[in-house]
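In: Dropping the sequence and predicted coords here.
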Amino acid sequence: MYPLGLRLDRRRVLVVGAGNLAHRRVPRLLDAGADVLLVSPHARDSLRAMASEHRLRWEERRFQASDLDGAWLVLAATDDPAVNAEISALAEEARVFCVRADDREAATAWTPAVGQHEELTFAAFAGGDPRRAAALRDRLLELAATGEVSPPRFRGSGTIPGVALVGAGPGDPDLITVAGRAALAQADVVIADRLAPARLLEELRDETELIDAAKIPYGRQREQDEIIALMLERAKNGKFVVRLKGGDGFVFGRGGEELDACAAAGIPVRVIPGVTSAIAGPALASIPVTERGLVHEFTIVSGHVAPGDPTSLTNWDALARLRGTVVVLMGVRHRGAIAAALIAGGRDAGTPAAVVMDASTPRQREVRTTLAELGDVEVTSPAVLVIGEVTRQR
């Protein structure tokens, strides 16, 4: 066997049969830009959808020898070995490589277990053992995501310029996305908030510059303008900067301001969303924010400004009239005033409520109460306030 990467952009690939193999292989062929011709009397819904979206051409019939005309590669994936053998023989005569779903020894080409990480492509063969090949691929992807496998670049500048705005998730370092962890592994500079999981920062490369944004609620913090200035200055010097925030930076995290600043400065920027604590916090306390037949909406609101404050942008009276779940972030200090505003607006004082503190960490703690008593329970930051009938269910 001689391993080889095929550049299939705008080149015809014939896929005969629309079963499991086609279901798994066709999306990657399309990602490679291949001109896919699917020939089969029947097709899975996913393949039918691709045909209806004009991503591939589907001939709803049995295979014909003329289907091979113009093909660079063939996948014989029918459930009839005789048909697969016919396709394979005709492909051999036409000198077109053929992958067979039923008999790898009779095939002229094999497809490896393939994985993609950033610009790296991993392809694994394992002597005809597809599960072993898949396990090897998955292990390589895992190592690449954590930075344990990070080959240097020998072409181009050797650096990735720009900024990545990364959400770190609710607190457990394992809840950051694969893309977020990969960005941290490549970062030259990381600007991290207080709520960013410490273990993620411990995993940074020794040469990575770590800047503590020290955004402590109600306490001393770097001004947002200073944070943005640091981020842009490092990026303009050719560094790859990761702006790391707890939860999701676009949910009360000022991520939009940082995105706009990068765009205005002409700096490439990538947004890597995080798992927001507004949903993960309740979920980790067995509280769904919606429930079929009970709640059809939920609202996420910031509680860092008290109801009645002239700078508040929240219509608490309107919020009180809704029947759905209310999730309050950054509302520990003003929880009593928030409860009072909702009750004054018409929400039942007996509405069940919950507070989830330090969600997803070993310190996680929950308190169940009512809206009327929300201001009296002992609560520490960071915490998510959840108000509504969903907190009564479990």
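Out: Now that the structure is in, tell me what you want to look at.
In: what's around Thr290, how many residues?
Out: 14 (other C-beta atoms under 10 Å). Where you see a C-beta, it was placed from the backbone N, CA and C, and this is true even at glycine.
In: What ranges does the stretch 251-394 of the chain have for its strands?
Out: For the stretch 251-394 of the chain, the strands defined by DSSP state E, counting those that start in this stretch cover 269-272, 298-302, 325-329, 352-357, 365-370, 383-387.
In: Show me what the fifth one packs onto, helices and strands only.
Out: To tie it back to what came earlier, the one meant is strand 365-370. strand 352-357 (3 or more C-beta pairs under 8 Å, 6 or more residues apart in numbering; DSSP states H and E).
In: For Gln224, which of the strands of the stretch 251-394 of the chain is the nearest?
Out: With C-beta to C-beta as the measure, strand 298-302 is the member of the strands of the stretch 251-394 of the chain nearest Gln224 (15.2 Å).
In: buried ones in that closest one?
Out: In terms of neighbour count (16 or more other C-beta atoms under 10 Å), strand 298-302 has its buried residues at 298-301.
In: go on, stretch 235-244?
Out: Buried residues in stretch 235-244 (16+ other C-beta under 10 Å): 235, 239-244.
In: Show me those residues that map onto strands.
Out: Taking DSSP state E, the ones among the buried residues of stretch 235-244 that sit in strands are 240-244.
In: Surely Ser66 is within a helix?
Out: Yes. The assignment for Ser66 by DSSP: H, G, I helix; E, B strand; the rest coil puts it in a helix.
In: And it, how close does it get to Asp212?
Out: 67 Å (C-beta to C-beta, to the nearest Å).
In: who has more neighbours, the two?
Out: For Ser66 and Asp212, the more surrounded residue by other C-beta under 10 Å is Asp212, and the numbers stand at 13 against 8.
In: shouldn't the more buried one be in contact with Ala196?
Out: No. With contact defined as C-beta atoms under 8 Å, Asp212 does not count as touching Ala196 (9.3 Å).
In: Pretty sure Asp67 sits against Glu59.
Out: Yes. Asp67 lies in contact with Glu59 (C-beta under 8 Å); the separation is 7.3 Å.
In: hey, what's in contact with both of these two?
Out: Between them, Asp67 and Glu59 share the neighbouring residues 37, 39, with contact defined by C-beta atoms under 8 Å, 6 or more residues apart in numbering.
In: quick one: low-confidence parts of the chain?
Out: Scanning the chain for pLDDT under 70 picks out 150-160, 214-222, 393-394.
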